[in-house]
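# Dropping the sequence and predicted coords here.
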Amino acid sequence: MNVLILGSGGREHTLAWKISQSPEVQKLYIAPGNAGTGLKWTNVAIGVNDFEKIKRFALQHDIRMIIAGPEEPLVNGIYDYFSSDSAVSHIAVIGPSKAGAQLEGSKDFAKTFMQRHNIPTAAYRSFGRDEADAAGLFLRTKKPPYVLKADGLAAGKGVVICNTIEEAEKELKDLLLNGRFGKASEKVVIEEFLQGTEISVFVITDGKNWKLLPEAKDYKRIGEGDTGPNTGGMGSVSPVPFAGEDFMKKVADRIITPTINGLKAENITYRGFVFFGLMNVNGDPYVIEYNVRLGDPETESVLPRIKSDLIPVLKSLEEGTLSSQVIETDSRTAATVVLVSAGYPGDYPKGLEITGLEKPEESIVFHAGTATRDNDGSIVTSGGRVLAVTSLAGTMAEALEKSYRSAEKIEYLGKTYRKDIGFDILK
Ligand code: AMP
Ligand code: GLY
């Protein structure tokens with residue numbers, strides 16, 4: 001079977017690495033991919049939202065499965081685009097329908113969905129542009145910190161947490177009235193601040209049944225000790241020690257099952273991954289957000305812990321036979337350290353040569369923001385998050401040591417990484 005993966009980050013390199021191990025996969029393409037995916041498989045210069053071109057390419061290359069890495073093509077309806085066209089409806093698109101992708105594409109949809117199905121989440125209200133005054137008054141009835149969320153996709157920047165009412169009012173105005181994210185902030189969700197520890201829980205579903213994948217913890221802040229601005233993610237670990245049997249049973253009973261049953265009850269087609277961004281509040285899980293794809297850099301520590309071939313599992317989604325699949329996991333710990341460009345998440349240089357990529361022997365090096373230089377074929381930086389280094393070991397401390405040893409062997413100007421991934425769990 002020929003497979004096409006959409007995306008170009010560390011998550012997509014990890015998906016390619018995992019999928020390519022399946023004896024069922026013949027040719028593997030990544031659109032647009034990065035230097036790492038281009039070294040082993042075939043990169044295709046097509047954007048993830050160019051459905052016309054993706055369709056043409058898929059027909060020309062006998063693609064049987066398309067795995068959407070990022071949320072954007074899903075929110076834009078790639079699932080429906082393929083399933084409603086008889087020329088390409090034989091191609092399995094891994095991901096939800098456009099309606100299902102609203103779980104991530106609209107915070108307001110996600111919140112009302114959770115309300116309809118009694119799924120624990122922070123109390124909230126949403127406000128449209130013509131309700132700015134009411135939103136301001138509502139804020140005044142709340143205590144800090146204030147959590148404001150743009151309704152739509154905002155490249156991971158749509159959530160603001162403010163410690164003073166003045167700041168919150170300014171942000172509200174900026175989002176709702178000044179349209180900081182255009183259409184995406186025409187509506188704003190204001191919600192209660194949840195105090196606790198975050199965890200990323202992943203399942204795969206055919207819309208009726210679901211299977212749990214390994215959980216992970218993501219380190220979002222740029223600075224050590226979880227300080228400074230948010231990034232796409234500076235590292236991840238899996239498993240997460242506090243996600244014991246008790247906690248995960250609550251997650252399954254209160255969150256996952258009602259979510260999948262809710263999708264089914266609302267006739268929403270969903271054949272893909274669900275990423276539950278959860279807050280553990282004194283042992284009780286609350287949904288912070290849904291994502292309709294795998295996380296990045298969580299994927300880099302989640303997929304290396306899956307022992308089973310993923311292709312039969314992914315194929316079973318279309319057939320509705322997920323319940324007969326077994327997903328075997330590795331009991332070892334995976335630890336991922338992300339190497340970023342100096343200046344990230346602000347402005348950063350690009351095109352800096354990367355050396356030593358072949359040196360790490362005890363880790364897997366996944367590429368994220370890398371490119372191949374045209375004139376000499378050398379590998380250079382091309383994004384904020386450059387590489388993700390993952391290691392597996394019997395303990396988290398050992399897995400981290402391996403990843404840090406490997407991170408030291410790779411060189412590029414301004415190489416930056418957090419030295420304290422897992423710090424909160426190890427202490
Ligand atoms: P997101 O961009 O949706 O991933 O949200 C960014 C971050 O904001 C989350 O990872 C949380 O750390 C934080 N956050 C979002 N909603 C809440 C909330 N209700 N209470 C506390 N923290 C939150
Ligand atoms: N690591 C968080 C995300 O992928 O959204």
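Nice, I can see it. Ligands and ions are numbered 1, 2, ... in the order given.
# thought residue 44 was touching residue 33?
Yes. Using C-beta atoms under 8 Å, residue 44 is in contact with residue 33, at 7.2 Å. Yep, even glycine has a C-beta here, placed from its N, CA and C like the rest.
# ok, these two, which is more surrounded?
Using other C-beta atoms under 10 Å as the criterion, residue 44 and residue 33 rank with residue 33 on top: 27 against 18.
# do you know how far that one is from residue 344?
21 Å (C-beta to C-beta, to the nearest Å).
# How about residue 241?
For residue 241 relative to residue 344 (C-beta to C-beta), the value is 29 Å.
# cool, and residue 231?
Relative to residue 344, and taking C-beta to C-beta, residue 231 is found at 7 Å.
# What is the least confident helix or strand in the protein?
helix 423-426 (a mean of 88; mean pLDDT, DSSP states H and E).
# Just the strands from the stretch 101-250 of the chain, written as ranges.
With strands called from DSSP state E, counting those that start in this stretch, the stretch 101-250 of the chain shows them at 124-128, 146-150, 159-162, 187-191, 197-205, 210-212, 217-218, 221-223, 227-230, 235-238.
# tell me which residues of the third one are tucked away?
It refers to strand 159-162. 159-160, 162 (16 or more other C-beta atoms under 10 Å).
# near ligand 2, which residues of the chain?
Counting by C-beta under 6 Å from any ligand atom, the residues of the chain lying close to ligand 2 are 218, 233, 291, 295-296, 298.
# By neighbour count, which of those wins?
Within the residues of the chain next to ligand 2, residue 298 tops the neighbour count with 32 neighbours, counted by other C-beta under 10 Å.
# Now do the contacts for it.
With contacts taken as C-beta atoms under 8 Å, 6 or more residues apart in numbering, residue 298 has the following neighbours: 200, 202, 216, 218, 233, 236, 238, 275.
# So the fourth one sits against residue 295, correct?
Yes. If you go by C-beta under 8 Å, residue 218 and residue 295 touch, sitting 6.2 Å apart.
# hey, what's in contact with both of the two?
200, 233, 236.
# with the residues you listed in mind, which one is nearest to residue 252?
The closest of the shared contacts of residue 218 and residue 295 to residue 252 turns out to be residue 200 (C-beta to C-beta; 15.2 Å).
# Would you confirm that that closest one contacts residue 217?
Yes. Contact status for residue 200 versus residue 217: in contact at 6.8 Å, counting by C-beta under 8 Å.
# Pull up the residues of the chain that are close to ligand 1.
Within the chain, the positions lying close to ligand 1 (C-beta under 6 Å from any ligand atom) are 122, 147, 156, 159, 191, 193-194, 198, 220, 277, 288-289.
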